[in-house]
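Asker: The following block contains a protein sequence and its predicted model.
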Amino acid sequence: MTHIDAGAGLHPAHPAAVPVGPVTGLTAAEVAERVARGQDNDVPVRSSRSMADIVRANVFTRFNAIIGVLWVIMLLVAPIQDSLFGFVILANTGIGIVQEWRAKKTLDSLALIGEVRPTVRRDGEATEVSTSEIVLDDLIEIGPGDKVVVDGVCVEADGLEIDESLLTGEADPVVKRPGGQVMSGSFVVAGGGAFKATRVGREAYAAQLAEEASRFTLVNSELRSGISTILKYVTWMMVPTAIGLIISQLVVKNNPLKDSIARTAGGIVPMVPEGLVLLTSVAFAIGVIRLGRKQCLVQELPAIEGLARVDTVCLDKTGTLTQGGMDVTELRMLGGVEETYVRKALGALGESDPRPNASLQAIINVYPDAEDWRCTESLPFSSARKYSGASFNEGDGEASTWLLGAPDVLLPDDDPALAETERLNEQGLRVLLLTRAERELDDPEVAKGATPAALVVLEQRLRPDAPDTLRYFADQSVRAKVISGDNAVSVGAVAAKLGLEGTTVDARRLPAERDGMAEALDKGTVFGRVTPQQKRDMVGALQSRGHTVAMTGDGVNDVLALKDADIGVSMGSGSEATRAVAQIVLLNNSFATLPSVVAEGRRVIGNITRVATLFLVKTVYSVLLAILVVFWQVEYPFLPRHLTLLSTLTIGVPAFFLALAPNKERAKPNFVRRVMRYAIPGGTVAALATFATYLIARQHYTGAGSLAAETSAATLTLFLISIWVLAIIARPYTWWRIALVAAMGAGFLLVLVVPWLQDFFALKLVGVMMPWIAVGIAVTSAAALEFLWRWVGHRVPA
């Protein structure tokens, strides 16, 4: 069904459109005058944020404020080595800013390549301009697949049908005629025309909706929201624990003030998982840069995360599995119609459409225009109708109406031509029917009673990289579903040629209700004769079964499904509308890029989940140690320098390498639960073991320098347990992961044996018995960790 806006019907064929207003458009002087008045289309850039925003996001954080205050205090009261943590934060912040700036530059340069460039008419000539160069009252030409970029009023219409569903929710396209309103954010599904811009920039309807939602954002990221949840709980734990620690160290104990302040800071600083947020930002930023090198534009950063979670990918055949162009291989006559006459009709149909699709372009390439045929009316192709048509005055004065489209739509079920069509479809060929209609084009049943004239056989060019890509998805347990508007048998044959096996289904026989459709989608693999609305419903049905769905497409019929899918992927050569709604645009039009995108998403999310456990084990043991110190009324066992050393060797440096390593595991939901189920037992074991060593050392050592010896013993236990946590998280082992863990252990050993490093970090093991007790406690704790890790993995659901 098609709605009609401002009174409409069928329109005279291009170029005999009905002009209203300035058909030549603005002059250069009028454009300059409007720019000077600020009446240009100044809209926010979708994929980027300013350098000031990047700096603000990395510098002005809650935890930077906490650590910044402690750093300033430590600089005033303690040696420089107790202030190292502040320099680490500065370095982290700098790295975060640089990487996000590099990601911004990558996104901006790719966005420029993939930018929608509308056609405007100025001084009587059509020219492409940047969206931001459109001014008030510009005359903008539009055709199938074009996005309406600003609000306006229709001036010319040639069978113009616009889909406004992304704005209004109304599924049916709206026929526009001169005087009708067009809204930015809608897109053309059939026909063509021109409209005059009446509202530009932030006043335009879609710009008002999109200004916040479309900016560089991680709002919909489960990972980022999970980390925010964790940080919120950490803050709640930190505040009372830190207050208790301050009171116990500064009020209850009679130690020198500076030493008490240093040990209090030593207890608070490691509670902050400051590197976790940084590492998340850096991992996303590096992901954007890596994908940018493959000509892949990430328009919304959560798309990287979403791709890691995808378990079903819906592929549009045209432009995804096949290349854009087609070739006419055969013309099969029906009903004894003369071939010369049919060739003329096909040539005239090609000439009647100013914006032909790939099928019609293939016909135009073979059948030249019949110059003595004059088009009087045209019906543009639409994916919902599955055919196009035109009426002509032939050279001899006779009038005729022709339709070109899907045989199984235009012919009755019992027509013998359908059997021939079926045989051709089984070979993977696309078949169009040319039929002569007896009714007027504006008749809703124009195809009824039409006389079949010929079958046009088209060969589709398969993408050479498609089989390897489909194999990759199969290996990664990602189900591929081919969803196409073409004949189901033909699509199934193409899929079989590419090695994709499974049931082929005609979508016209699919149940309308969601549950029935979801069941059919689970069973089937290839779906043909799918309407644009059905594509959208299919995505929704798959999502209702808990699937994370990626949708690829390049045509205007894919827009609704791309918008609703968890991840929309568009080809760079796709229509303006598909590129605008997709989160990821493959600018090189290569389907083979998709595995790289999925792999990048899995690397980012899998590794962040892995290293988040490292950071949060430290937070858990820091909070528990502080609580134990408060209850036992003893000095906090560590100075800031000790925990800076441990954090660097067991978390900071290893996390950086682990976060950037390959990771093929599909990301799983429940990020917070998956991380905390390991962090809590790991941190608890570390805290109890370290505090036990500290209490034993307090009994063992007496006299001057005893606190330093007790601290050294406790540090040894904590380091050995932390390095074991790292060794667990680094699994499965590769040569470089073993080397990484060994290098961190060697680094700590170096501190213990080099005299000036002993002095710098105040770490010196005293005697023989107590250090071996510390090692023994650490070994016992490592065994407990192994048991707990396995028990949690089996008993605690993720």
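Answerer: Structure's in. What do you need?
Asker: check which helix or strand covers the closest residue to V298 other than its chain neighbours.
Answerer: Closest residue to V298 apart from its sequence neighbours, by Cβ to Cβ, 6 or more residues apart in numbering: V288 at 5.3 Å. C-beta: built from backbone N, CA, C; applies to glycine. V288 belongs to helix 274-293 when elements are defined using DSSP states H and E.
Asker: likewise L346?
Answerer: Using DSSP H and E, L346 falls within helix 339-352.
Asker: In the stretch 351-500 of the chain, what residue spans correspond to strands?
Answerer: Counting by DSSP state E, counting those that start in this stretch, the segments of the stretch 351-500 of the chain that form strands are 374-379, 387-393, 399-405, 430-437, 451-462, 479-483.
Asker: residue ranges with poor pLDDT in the stretch 201-350 of the chain?
Answerer: Along the stretch 201-350 of the chain, segments meeting pLDDT under 70 span 204-221, 251-255, 301, 319, 324.
Asker: where along it do the helices fall?
Answerer: For the stretch 201-350 of the chain, applying DSSP state H, counting those that start in this stretch gives helices covering 205-213, 222-247, 257-268, 274-293, 302-309, 339-352.
Asker: The stretch 51-200 of the chain now?
Answerer: Listed in chain order, the helices of the stretch 51-200 of the chain (DSSP H, counting those that start in this stretch) span 51-59, 62-77, 84-113, 165-168.
Asker: May I see the ones you listed arranged in TSV, with mean pLDDT as well?
Answerer: Compiled in TSV, those are given as follows (pLDDT from 0 to 100):
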stretch	mean pLDDT
helix 51-59	83
helix 62-77	83
helix 84-113	77
helix 165-168	66
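Asker: got JSON lines for those helices, with distance to G574 too?
Answerer: Below are those laid out as JSON lines (distance: least, Cβ to Cβ, whole Å):
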{"stretch": "helix 51-59", "distance to G574": "30"}
{"stretch": "helix 62-77", "distance to G574": "42"}
{"stretch": "helix 84-113", "distance to G574": "14"}
{"stretch": "helix 165-168", "distance to G574": "16"}
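Asker: Out of those, flag the one nearest G703.
Answerer: Evaluated with Cβ to Cβ, the helices of the stretch 51-200 of the chain place helix 62-77 nearest to G703, the distance being 25.7 Å.
Asker: So which elements touch the closest one?
Answerer: Applying 3 or more Cβ pairs under 8 Å, 6 or more residues apart in numbering; DSSP states H and E, one finds that helix 62-77 contacts helix 84-113, helix 222-247, helix 257-268, helix 274-293.
Asker: Can you list the buried residues in the last one?
Answerer: What it means is helix 274-293. For helix 274-293, the neighbour count (16 or more other Cβ atoms under 10 Å) marks 274-292 as buried.
Asker: Repeat that for the first one.
Answerer: Residues of helix 84-113 classed as buried under the neighbour-count rule (16+ other Cβ under 10 Å) are 84-86, 88-89, 92-93, 95-97, 99-100, 103-104, 106-107, 110-111.
Asker: Then stretch 776-796?
Answerer: Neighbour-count burial for stretch 776-796 flags 777-778, 781-782, 784-785, 788-789 (criterion: 16+ other Cβ under 10 Å).
Asker: got it, and stretch 447-464?
Answerer: Neighbour-count burial for stretch 447-464, counted by 16+ other Cβ under 10 Å, picks out 447, 450, 452-460, 462-463.
Asker: okay, these in JSON lines with pLDDT and distance to E519 next?
Answerer: Formatted as JSON lines, those follow (pLDDT from 0 to 100; distance: Cβ to Cβ, whole Å):
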{"residue": "A447", "pLDDT": "84", "distance to E519": "32"}
{"residue": "A450", "pLDDT": "87", "distance to E519": "37"}
{"residue": "P452", "pLDDT": "91", "distance to E519": "37"}
{"residue": "A453", "pLDDT": "91", "distance to E519": "41"}
{"residue": "A454", "pLDDT": "93", "distance to E519": "40"}
{"residue": "L455", "pLDDT": "93", "distance to E519": "35"}
{"residue": "V456", "pLDDT": "93", "distance to E519": "36"}
{"residue": "V457", "pLDDT": "92", "distance to E519": "35"}
{"residue": "L458", "pLDDT": "89", "distance to E519": "33"}
{"residue": "E459", "pLDDT": "86", "distance to E519": "35"}
{"residue": "Q460", "pLDDT": "81", "distance to E519": "30"}
{"residue": "L462", "pLDDT": "84", "distance to E519": "30"}
{"residue": "R463", "pLDDT": "83", "distance to E519": "31"}
